[in-house]
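K.L.:
Predicted model and sequence below, questions to follow.
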Number of protein chains: 2
Amino acid sequence: MSTLDKIQKLKGFREFYPEVMAARRKVFDTMHRVARSFGFHEIDTPSLEPLELFRIKSGEEIVQQTFSFVDKGGREVTLIPELTPSVARMVANRKDLPRPVKWYSIGKMWRYEEPQSGRLREFYQFNADIFGSPKPEADAEVIALAMKILDSLDLGGKYIMRVSDRILMEEILRGIGVEGDLWEVLRVIDKKEKVDEEKFREMLSGVGLVDKQIDDLLSILDVRGRCDELSDVLGKYPQYQRLSRIFELVEAYNVKGEIILDLSIVRGLAYYSSTVFEAHDAKRELRAILGGGRYDGVVELFGGEHTPAVGFAIGDAVLEILMKREGVWPEEKISVDYYIAVIGDSARKTGIKIANSLREKGFRVDLDVMGRSLSKQMKYAARINARKVIIVGEDEVKKGAVIIRDMASGEQEEKRIEEIVES
Amino acid sequence: MSTLDKIQKLKGFREFYPEVMAARRKVFDTMHRVARSFGFHEIDTPSLEPLELFRIKSGEEIVQQTFSFVDKGGREVTLIPELTPSVARMVANRKDLPRPVKWYSIGKMWRYEEPQSGRLREFYQFNADIFGSPKPEADAEVIALAMKILDSLDLGGKYIMRVSDRILMEEILRGIGVEGDLWEVLRVIDKKEKVDEEKFREMLSGVGLVDKQIDDLLSILDVRGRCDELSDVLGKYPQYQRLSRIFELVEAYNVKGEIILDLSIVRGLAYYSSTVFEAHDAKRELRAILGGGRYDGVVELFGGEHTPAVGFAIGDAVLEILMKREGVWPEEKISVDYYIAVIGDSARKTGIKIANSLREKGFRVDLDVMGRSLSKQMKYAARINARKVIIVGEDEVKKGAVIIRDMASGEQEEKRIEEIVES
C-alpha cells in the first residue's frame, strides 16, 4: 500500500477545489443576503457537543447516526448532527435577549449514515429560527424565508413546499379512534414512502391501528392540495384554521414556489409540536431540500423559560443536485483581475509596487513568484483567467511605463507606472 | 443535577451570539478580501480526516493533542488539528493545476490541549499557501500577505514579524560542531521560552551538545534585528543570502509592521524545511498571532510530485485578544434598517408587502410576528437598533399611507404605500 492510498479523504466527505468553492460561496452568499434581509442575525455554535444534548431532544435514533466518541477526558461527545439543540441552549442561557429572537447560521454538520445521492457524512446546513412567538405570523415568516432563499437561487417553480401540522394530525387520528402514543404512529407514517403498502399496513397494525383505522388513515395521507381548497375535508378540525392563516400570510410574501398542504408530511424528529414542512423538487425525484417546523418545547428542555420556536434547515447536498439538474448551479472559474508578469530581478520591486497599489484598490492581483520566461507567464495568466496582464521588465522600468494587455481582446496599451501606482 | 447542568458547551469551545458573530464576520471578511486581492483562491477541506494523515506528517506530538477516535466503521479518525496535510493531499491529487497554486481557507480546527488564554480546543484558522515555487519571491509574497492582513486589521505597528530559516540554523549548528539529528536540537530550542536557563542547558545537553556548543548556541539565539544589519554576524552562511532577499522583497510590499530576523524562531512542527516565521504582539505578552514557513517535502509525502510549498496560519484566539487590547476589535451591535410595526390583523398583509419590497431592495427588515401593542413594538425596535420604523395600522392601510419614523432623530414622515412598494 502506497502512502497515497492510506490518506485519501473519508467516504462521504468532500474537498472543495477553488472552482467548486466559488460556486458554493455564491450559494452561501445568497443565503446570507436573504436571511439578513429578513432581519435574521448570524450566530455560530460549537461543532462538538456533549452527546447528552442530542439524547435529550432528538432521541436515540439520531444518536445512532452520529459521529460520537469518548474524548481524552472521558466525556461522551459528538460532532453535531443538527443545530437546534445548541441554538435552543443559547436561547435558554440568555433571558435578556429581546424577543422574538431571529437567528441563522451556515455551518457543517455530520451524520454517520451510509453515503448516497443527496446524503453525505459531512454537509453544510443553513439554519434559521424564530424564538419567542407562538403565532402563525412567525411560522409564515420562517416558511417565507425558506421559499425566498430557494426563489433567490433561481429555483422558483422547481420546488414544492409541503406543509402539515402535528396537532391537526392528532385531531384527525383521534377522530378516527386512534388511541395511545401518537408519536409511534407518526414515526410509522414518516416511513410511508420507504415501504410498500402491505408493509406499511403491517407497521400501522404493529402500533395498534385496526384495519378500519388503517383504511381511513391511508385516505387521509392522500389529502394534499391548496389549503383553501381543502376546507370541505379539513374545515371541521380546529387546527386547520391556524394552518389556513399561515398559508394566507405566506401568499402575501409573493413567493414564486408552490405551497401545498400535505398530510403525509410528518418529519423524523420527535420534538416538532405543531407545524411541520418540507420542500421537495417539483418532479419529486430527490430527497427533501429542506425541512422544519414548530418546536415550542425545545428551549424549556434546556432549562430555559417556555419559548415558542419555529425554524428550518437546508442541507447543501440535495440543493446542489437540484440546482445542477435545473441548470442554475453557478459554474465558476478561478480568475484574477490582473496578473503582473515580471521579467528580470531588477524589475521585481516595481512589479511588487504595482501589485501593491492595485491590490489596495480592491483588485485581485496575481504576481509572478516563479521567475519564469514571459511566454510561460502568459500561459499561466491565461490558465488562471487573468483579465489583464501587466508586463514589467527592465526596459519598462527604465522607461517608467508598462504594457497592459487585455486578455479577452488581445489589445495592449502603454501606461506610466506612476499613473498606476499613484492614482 | 438539572437538565441544564448536563448540556452546557464543552470547555474550550465557544458560542457566538449575534454581536460577537458580527465582529468575527468583519474580521473574516477582511481576511477574505486581502487574500483575494493577493490572487489566492478559497478552498475547503473535510473537518474529519484519517488520523494517519497527521501521523505521517506532523509527528506523534500533534497526534497526542487531537480529538481522535475510532468511528463506527472501525477507522481511526481525527478532527483536523491543522490544515496543511489535507491541502497538500489536494495538491498531490491534481497534477493538472496551473502552478503556482495559491490557496486560502478559513475554517475550524480542533486541538485537545488544556484551554488557556489564546488557546482553545475549537478555533478558527485562516490558512494560505503557495505551492509550486521554490523561490524567495514566494516566501515574500506569503509573508507580505500575512502582514497585510494584520495591517488591514489595524494592527500595523502592534506586531513584529520574526523570521528565521532552518537551513541557516543547520549551517550555524554544524558550524559550532553539532552533529547528529538536528530536529532533536531544534525541538529543544523551540521550548526555550517555556523553561529557565538551567533547564534549557540541561535539555540541550540531553540531545548531545557539549558546554561550549551550548554557550555558542545561547549567544546565537540572541541574534535578532534587521536582516541587513546582521550581515557581519551571518554573512558567511550561504542561506543568509536567500533570507536577505526575502526581507528585501517584503519591504517592497510597503508593509506597516516591523519584520526582523530572529534565530530563536523554530516552529514546533517537523515538516518545515527552510524559512520559518511567527508574528507576535510588539509587547511580547501573548502567544504567536500566526506562524508559517516553507515545507517543500509535504506534497511528495502524499504521493504527489515534489512541490515546493510555503504558507502560514492565523488562529483567531490570540488575534482577538490582541485586537481587543489594542482597541481595534470591531464592537458590533445587532441592527436592522427597518422594523415594520403592524397593528391589527387587517394591516398584516400590507405590512408583509412593504417588508417584501424593502427586503428585495437589499434592506434588512424585521417585521412584527408577535401581534404586540405599538408601544411594545417600538421598544423592541429600539432594542434591535432599527434605524427606521414603519407603522402600519388599519387607518394607514385605509389612507394608503404609512408613517416612517427615524429612530435616531425621532423625525417622522408620511409616505404613500404604493411609493414604497412600487418604487
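P.N.:
That came through fine.

K.L.:
what stretches of the stretch 301-423 of chain A score poorly on pLDDT?
P.N.:
A:423 (pLDDT under 70).

K.L.:
Show me what from it comes close to chain B.
P.N.:
A:301-303, A:334, A:336, A:339, A:348-349, A:352-353, A:356, A:359-360, A:362-371, A:380, A:383-384 (C-beta under 8 Å from any C-beta of the partner chain). In short, each C-beta sits where N, CA and C put it, glycine included.

K.L.:
Filter these down to the buried ones, ChimeraX style.
P.N.:
Only the buried entries of these go into this ChimeraX selection, using 16 or more other C-beta atoms under 10 Å in any protein chain shown:
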select /A:301,302,303,334,336,339,348,349,352,353,356,359,363,364,365,366,367,368,369,370,371,380,384
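
K.L.:
mind listing which of the residues of the stretch 301-423 of chain A next to chain B are in strands?
P.N.:
A:336, A:339, A:365-367 (DSSP state E).

K.L.:
what's the following helix or strand after the longest helix along chain A?
P.N.:
Identified as the longest helix of chain A according to DSSP state H is helix A:18-37. Past helix A:18-37, further along toward the C-terminus, the next helix or strand under DSSP states H and E is strand A:41-42.

K.L.:
what comes up buried for the helix or strand following that next one?
P.N.:
Next helix or strand after strand A:41-42 toward the C-terminus (DSSP H and E): strand A:48-50. Of all the residues in strand A:48-50, those buried under the rule 16+ other C-beta under 10 Å are A:48-50.

K.L.:
What of stretch A:152-159?
P.N.:
A:152-156, A:158-159.

K.L.:
do the same with stretch A:376-383
P.N.:
Buried-residue list, stretch A:376-383, by 16+ other C-beta under 10 Å: A:377-378, A:380-381.

K.L.:
Now tell me what touches it from outside.
P.N.:
For stretch A:376-383, contacts defined as C-beta atoms under 8 Å, 6 or more residues apart in numbering or on different chains pick out A:339, A:341-343, A:366, A:368, A:370, A:372, A:389, A:407, B:98-99.

K.L.:
one more time with 10 Å, if that's ok
P.N.:
For stretch A:376-383, contacts defined as C-beta atoms under 10 Å, 6 or more residues apart in numbering or on different chains pick out A:334, A:336, A:338-343, A:366, A:368, A:370-373, A:386-391, A:405, A:407, B:96-100.

K.L.:
do stretch A:178-191 as well
P.N.:
Contacts of stretch A:178-191 (C-beta under 10 Å, 6+ apart): A:59, A:61, A:164, A:166, A:169-170, A:172-174, A:195, A:199-200, A:202-210, A:213-214, A:216-217, A:220-221, A:263-270, A:272, A:276.

K.L.:
when you check the buried residues of stretch A:152-159 against the helices, which ones overlap?
P.N.:
A:Ser152.

K.L.:
near chain B too, which of the buried residues of stretch A:152-159?
P.N.:
Contacts with chain B within the buried residues of stretch A:152-159, counted by C-beta under 10 Å from any C-beta of the partner chain: A:Ser152.

K.L.:
Which of the helices or strands spans A:Phe312?
P.N.:
strand A:309-315.

K.L.:
Quick one: work out the angle between that strand and helix A:18-37.
P.N.:
With axes from the mean of the first three to the mean of the last three C-alpha atoms, to 10 degrees defining the directions, strand A:309-315 sits at 160 degrees from helix A:18-37.

K.L.:
And stretch A:278-294, how far out from the chain middle?
P.N.:
Remark: stretch A:278-294 is offset 12 Å from the chain centroid, using C-alpha atoms, centre = their mean, to the nearest Å.

K.L.:
buried stuff in that stretch?
P.N.:
Result for stretch A:278-294 [16+ other C-beta under 10 Å]: buried residues A:278-281, A:286-294.

K.L.:
Just put those in CSV and tack on pLDDT and distance to B:Phe16.
P.N.:
Output for the buried residues of stretch A:278-294, formatted as CSV (pLDDT from 0 to 100; distance: C-beta to C-beta, whole Å):
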residue, pLDDT, distance to B:Phe16
A:Glu278, 97, 29
A:Ala279, 98, 28
A:His280, 97, 32
A:Asp281, 97, 33
A:Leu286, 96, 32
A:Arg287, 94, 30
A:Ala288, 95, 28
A:Ile289, 97, 27
A:Leu290, 98, 23
A:Gly291, 97, 24
A:Gly292, 97, 22
A:Gly293, 98, 25
A:Arg294, 98, 25
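
K.L.:
if we take the buried residues of stretch A:152-159, which one ends up nearest to B:Phe131?
P.N.:
A:Leu153 (33.0 Å; C-beta to C-beta).

K.L.:
Go through stretch A:27-47 and flag the buried ones.
P.N.:
In stretch A:27-47, counting by 16+ other C-beta under 10 Å, buried: A:27, A:30-32, A:34-47.
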